[in-house]
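Asker: build me a structure from this.
(one chain, ligands or ions: 1)
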Amino acid sequence: MPDTARSTANTLEPYFMPFTANRQFKSAPRMIVSAAGMHYTTDDGRRLLDGSAGMWCVNAGHGRERIVRAIREQAAAMDYAPAFQCGHPGAFELAGRLAALMPGSLDHAFFCNSGSEAVDTALKIALAYHRQNGEATRTRLVGRERGYHGVGFGGTAVGGMANNRKQFGNLLAGVDHLRHTHDLGEMAFSRGHPAWGAHLADDLERLCGLHDASTIAAVIVEPVAGSTGVLVPPEGYLARIRELCDRHGILLIFDEVITGFGRVGAAFAAERFGVEPDMITMAKGLTNATVPMSAVGVSKGVYDTLMAGPAGVELFHGYTYSGHPLACAAGLATLEVYAEEGLFERARALAPVWEDALHGLRGRRNVIDIRNIGLMGAVEMAPRPGEAGARGFAVYLECFDSGLIARQTGDTIALSPPLIITEDQIGELADILGAAIDAVD
Ligand code: PXG
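Answerer: Below you'll find the predicted structure:
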């Protein structure tokens, strides 16, 4: 290798890092080099407890031999198969497994490669569905303030996190947002679902009144808003949204990229909360994050409507890597691990221990709210005056230096450990976080 190439390879500069303070990182890099079970190891040999399952995705823990073997064997047997007008058995098998795992009439899966792609796919399916149904006026898409639906143009537009939108101008036309469900005055320190707030769903009636329901194609919400800092839906809120969508002929999409695959103590939040959407977007835990893959779960009614269209290709949409053989192999092995080890049930059984450990941090320095459901949770701190997010980032760094990886969003620390976490490790996580909070002014 010529000297110039080697010197470039040794610098941190060329990598334009995603959703990262590049300049801060490159001045003090946090480099991770290996992972096993509940832990990461840094380049200087420190073990970190994984309090965030990577980024809400490594639900079965790291380095699972069975998944690794399945990927290796698939790569050797068939590296890739064309995804359009051809198929391979793994994709059909995985779609069948997902159909069995999803609630109610959700019985088809469309494969993509990231949560963002799954979201944009679901939005496009909603538009195509209404057009096929003779309701081509239904083009409006409704998201919710503080929602996160990835970074495609569709997902960014229906998303409601201000920082993710402000650099990108107008995005899509014909999008509106429900109000978010967070109110510290009414629901701070709720355990699980806040008792207050079901009526916030009636905001959908306001949008139906404003735009006329006949212009609205779909509502997309995260059953529990993850990225924005774990906002648990008020008791009865999602059922009310479902009711209003039914009344007005609007499709309901649950974005379960985070809440899917055991995070809330069931395969999907739809099952756990007893509310059935028309589509579910999923990613992350689908392959335990080993190979990028996502999917849109589609109801029988939506699928059958599209199949009733003109002969030929029913949906002009898809990706080179839709149903990639390595991802399918990883997904099948991952679902086997979840089932054999009962990890969704385990998450549900551990949830009360998790809840107690997190709420044990109440009263610590600057803590203004603690939220939890299943094995996800968040601790929110008051911002420093005029410096939103600075305290949260300082606590995140303090955790990293003390042996814990968490996620930070604004002044909230969000947590979502692998579902294999033990009770002792839950205690350890809470201890490290508590000490970090105390250490930061
Ligand atoms: N929908 C939801 C609900 C998500 O949480 C996406 C879509 C997009 O997925 P992709 O695979 O395109 O990134 C997500 C992703 C965090 C964090 O720490 C959250 C996500 C990704 C990275 C970090 O909050 N969510």
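
Asker: against Gly374, how distant is the residue of the stretch 51-200 of the chain found nearest the ligand?
Answerer: Nearest residue of the stretch 51-200 of the chain to the ligand, counting by Cβ to the nearest ligand atom: Gly115, 2.1 Å away. Yep, even glycine has a C-beta here, placed from its N, CA and C like the rest. Gly115 is 18 Å from Gly374, where distance means Cβ to Cβ, to the nearest Å.

Asker: and Phe261, by the same measure?
Answerer: For Phe261 relative to Gly374 (Cβ to Cβ), the value is 11 Å.

Asker: more neighbours: these two, which one.
Answerer: More crowded of Phe261 and Gly374, by other Cβ atoms under 10 Å: Phe261, with 29 against 25.

Asker: pretty sure the more buried one sits against Asn59.
Answerer: Yes - between Phe261 and Asn59 there is a contact under Cβ atoms under 8 Å: 5.3 Å.

Asker: okay, and the common contacts of these two?
Answerer: Lys284, Gly285, Tyr338 (Cβ atoms under 8 Å, 6 or more residues apart in numbering).

Asker: how about a markdown table for those, with secondary structure and distance to Ala347 added?
Answerer: A markdown table is the format used below for the shared contacts of Phe261 and Asn59 (DSSP: H, G, I helix; E, B strand; the rest coil; distance: Cβ to Cβ, whole Å):
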| residue | secondary structure | distance to Ala347 |
| --- | --- | --- |
| Lys284 | helix | 14 |
| Gly285 | helix | 11 |
| Tyr338 | helix | 10 |
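
Asker: restrict the residues you listed to those near the ligand?
Answerer: When Cβ under 6 Å from any ligand atom is applied, no member of the shared contacts of Phe261 and Asn59 is adjacent to the ligand.

Asker: quick one: which of those residues is most hemmed in?
Answerer: Gly285 (30 neighbours).

Asker: what's near enough to touch that one?
Answerer: Taking Cβ under 8 Å, 6+ apart, one finds Ala53, Trp56, Cys57, Val58, Asn59, Ala60, Gly260, Phe261, Gly262, Arg263, Thr334 in contact with Gly285.

Asker: and the third one, what pLDDT?
Answerer: Translated: Cys57. If you check Cys57, the pLDDT there is 98.

Asker: does it really touch Ala289, like I thought?
Answerer: Yes - using Cβ under 8 Å, Cys57 is in contact with Ala289, at 3.6 Å.

Asker: sorry, back to before: roughly how far does the residue of the stretch 51-200 of the chain closest to the ligand sit from Gly152?
Answerer: 9 Å.

Asker: between the two, who's got more neighbours?
Answerer: More crowded of Gly115 and Gly152, by other Cβ under 10 Å: Gly115, with 28 against 19.

Asker: for this structure, which residues are neighbours of the ligand?
Answerer: Residues of the chain found near the ligand (Cβ under 6 Å from any ligand atom) are 55-56, 114-116, 119, 148-150, 222, 226-227, 255, 257-258, 283, 407, 409.

Asker: the helices in the stretch 201-350 of the chain, which residues?
Answerer: 203-211, 237-248, 269-273, 300-307, 325-340, 343-359 (DSSP state H, counting those that start in this stretch).

Asker: OK, contacts around Glu380?
Answerer: Glu380 neighbours (Cβ under 8 Å, 6+ apart): Gly229, Val367, Ile368, Asp369, Ile370, Arg371, Asp411, Thr412.

Asker: if you rank those residues by neighbours, which is first?
Answerer: Counting by other Cβ under 10 Å, top hit in these: Arg371 with 27 neighbours.

Asker: now the helix or strand hosting that residue: average pLDDT?
Answerer: Taking DSSP states H and E as the definition, Arg371 sits inside strand 367-373. Mean pLDDT, strand 367-373: 98.

Asker: can I get the next helix or strand after it as CSV, trimmed to CA atoms?
Answerer: Using DSSP H and E, the next helix or strand after strand 367-373 towards the C-terminus is strand 376-381. What follows is strand 376-381, C-alpha atoms only, in CSV (Å, rounded to 0.1, in the frame of the first residue of the first chain):
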residue,chain,number,x,y,z
MET,A,376,-37.3,-0.2,27.9
GLY,A,377,-37.0,2.9,30.0
ALA,A,378,-35.8,6.5,30.3
VAL,A,379,-34.5,8.9,32.9
GLU,A,380,-35.1,12.5,32.1
MET,A,381,-33.1,15.3,33.6
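
Asker: bridging residues for the residue of the stretch 301-441 of the chain found nearest the ligand?
Answerer: Relative to the ligand, the nearest point of the stretch 301-441 of the chain is Arg407 (3.9 Å; Cβ to the nearest ligand atom). Bridge pairing for Arg407 (DSSP bridges) gives the partners Ala414.

Asker: that one touches Ala414, doesn't it?
Answerer: Yes - judged on Cβ under 8 Å, Arg407 makes contact with Ala414 at a distance of 4.4 Å.

Asker: okay, now Arg242: neighbour count?
Answerer: Neighbours of Arg242 (other Cβ under 10 Å): 20.

Asker: contacts only, for the closest residue to it other than its chain neighbours.
Answerer: Once flanking residues are discounted, Arg242 sits nearest to Val275: 5.1 Å by Cβ to Cβ, 6 or more residues apart in numbering. Taking Cβ under 8 Å, 6+ apart as the criterion, Val275 is in contact with Pro223, Leu238, Ala239, Ile241, Arg242, Phe254.

Asker: let's see if you can find the most crowded of the residues you listed.
Answerer: Neighbour tally across those (other Cβ under 10 Å): the maximum, 30 neighbours, falls on Phe254.

Asker: ok, that residue touching Val224?
Answerer: No - contact criterion Cβ under 8 Å: Phe254 and Val224 do not qualify, at 10.1 Å.

Asker: give me the common contacts of these two.
Answerer: Counting by Cβ under 8 Å, 6+ apart, the residues touching both Phe254 and Val224 are Ala269.

Asker: could you measure from the spatially most central residue of the chain over to Tyr129?
Answerer: When Cα atoms, centre = their mean is applied to the chain, the residue found nearest the centroid is Ile258 (2.6 Å). Note on Ile258: its distance to Tyr129, by Cβ to Cβ, is 25 Å.

Asker: same question, Glu222
Answerer: On the measure of Cβ to Cβ, Glu222 and Tyr129 end up 21 Å apart.

Asker: now Arg191
Answerer: Distance from Arg191 to Tyr129, by Cβ to Cβ: 38 Å.

Asker: who has more neighbours out of those two?
Answerer: Neighbours were counted for Arg191 and for Tyr129 using other Cβ under 10 Å; Tyr129 has more, 24 against 15.

Asker: wouldn't Arg365 be in contact with Ile437 here?
Answerer: Yes - assessed by Cβ under 8 Å, Arg365 is found in contact with Ile437 at 5.7 Å.

Asker: hang on, Pro325 packs against Pro89?
Answerer: No - applying Cβ under 8 Å, one finds Pro325 not in contact with Pro89, separated by 9.3 Å.
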